[in-house]
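Visitor: here's my sequence, what's the structure:
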Amino acid sequence: MGRWRPPQQRGSHYITAEGHHSLDQELKALWLTRREVTAALSAAAAEGDRSENAEYIYRKKQLAGIDRRIRYLQKRLDELVIVDHPPADTNAVFFGAWVTLEDDDGSEITYRIVGPDEFDVEKGYISMDAPVARALLKKSLDDEVAVTLPGGAKHYVITAIRYQ
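Guide: You can find the predicted model right below:
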């Protein structure tokens, strides 16, 4: 029996069309994987004593993890709102924007503001619930932005905003 944890605060319900497609593909792949794991579980169960059968125990845990993720994705996909068009004011930072920032040292970094289900630091996608994204929302070109991070305050200037 697991330890009880209070429910986590739900993230924003917005997602890009690409992010929704990615989650949908993950769900389809999980159903295929589940089929394979179920077959392997049946084979392991047929081997006899289940209490000492490592393959059976492993497959049961693997199946539970897959089922948990499937349930989450099914619920989450139903409540997400797909944002597939740019806002009326493309000169300000809103959901889906690519934003180029320049810090005090003159180095630049580009982020895309996406939903919490699709953030990926390696691609430069940050969640709209992240401190940097919250500070950027509704700002315009050449605005100065101060972001309070765990390592201290950072100051940026918005040098470019684009949508797609």
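Visitor: before we move on, which element is residue 100 in?
Guide: strand 98-103 (DSSP states H and E).
Visitor: can you list the strands that that strand pairs with?
Guide: Under the criterion DSSP bridges, strand 98-103 sits next to strand 108-114 (antiparallel), strand 152-162 (antiparallel) in its sheet.
Visitor: any idea how far residue 99 lies from residue 60?
Guide: 46 Å (CB to CB, to the nearest Å). (Each C-beta comes from the backbone N, C-alpha and C, glycine too.)
Visitor: which one of these two is surrounded by more residues?
Guide: residue 99 (25 against 16; other CB atoms under 10 Å).
Visitor: partner residues bridging that one?
Guide: Here residue 99, judged by DSSP bridges, has bridge partners residue 111, residue 161.
Visitor: and it, how far is that from residue 53?
Guide: 53 Å.
Visitor: now do residue 115
Guide: For residue 115 relative to residue 53 (CB to CB), the value is 42 Å.
Visitor: and these two? Which one has more around it.
Guide: Taking neighbours as other CB under 10 Å, residue 115 and residue 53 compare with residue 115 leading, 25 against 15.
Visitor: now residue 137: closest residue in space that isn't a chain neighbour?
Guide: Once flanking residues are discounted, residue 137 sits nearest to residue 93: 5.8 Å by CB to CB, 6 or more residues apart in numbering.
Visitor: pretty sure the one you found is touching residue 159, no?
Guide: No - in this structure, residue 93 is not within contact of residue 159 by CB atoms under 8 Å, at 11.9 Å.
Visitor: and the angle for the helix or strand of the chain with the lowest mean pLDDT with strand 98-103?
Guide: Using mean pLDDT, DSSP states H and E, strand 144-149 stands out as the lowest-scoring helix or strand of the chain, at a mean of 89. Angle of strand 144-149 versus strand 98-103, following axes from the mean of the first three to the mean of the last three CA atoms, to 10 degrees, is 80 degrees.
Visitor: now do the same contact list for residue 119.
Guide: By CB atoms under 8 Å, 6 or more residues apart in numbering, the contact list for residue 119 reads 125, 126, 127, 130.
Visitor: how about residue 49?
Guide: Contacts of residue 49 by CB under 8 Å, 6+ apart: none found.
Visitor: same deal with residue 81?
Guide: With CB under 8 Å, 6+ apart, residue 81 has these contacts: 13, 14, 15.
Visitor: which of these sits closest to residue 88?
Guide: Nearest to residue 88 out of these is residue 14 (CB to CB; 16.3 Å).
Visitor: is it true that that closest one touches residue 84?
Guide: No - look at residue 14 against residue 84 with CB under 8 Å: they stay out of range, at 10.8 Å.
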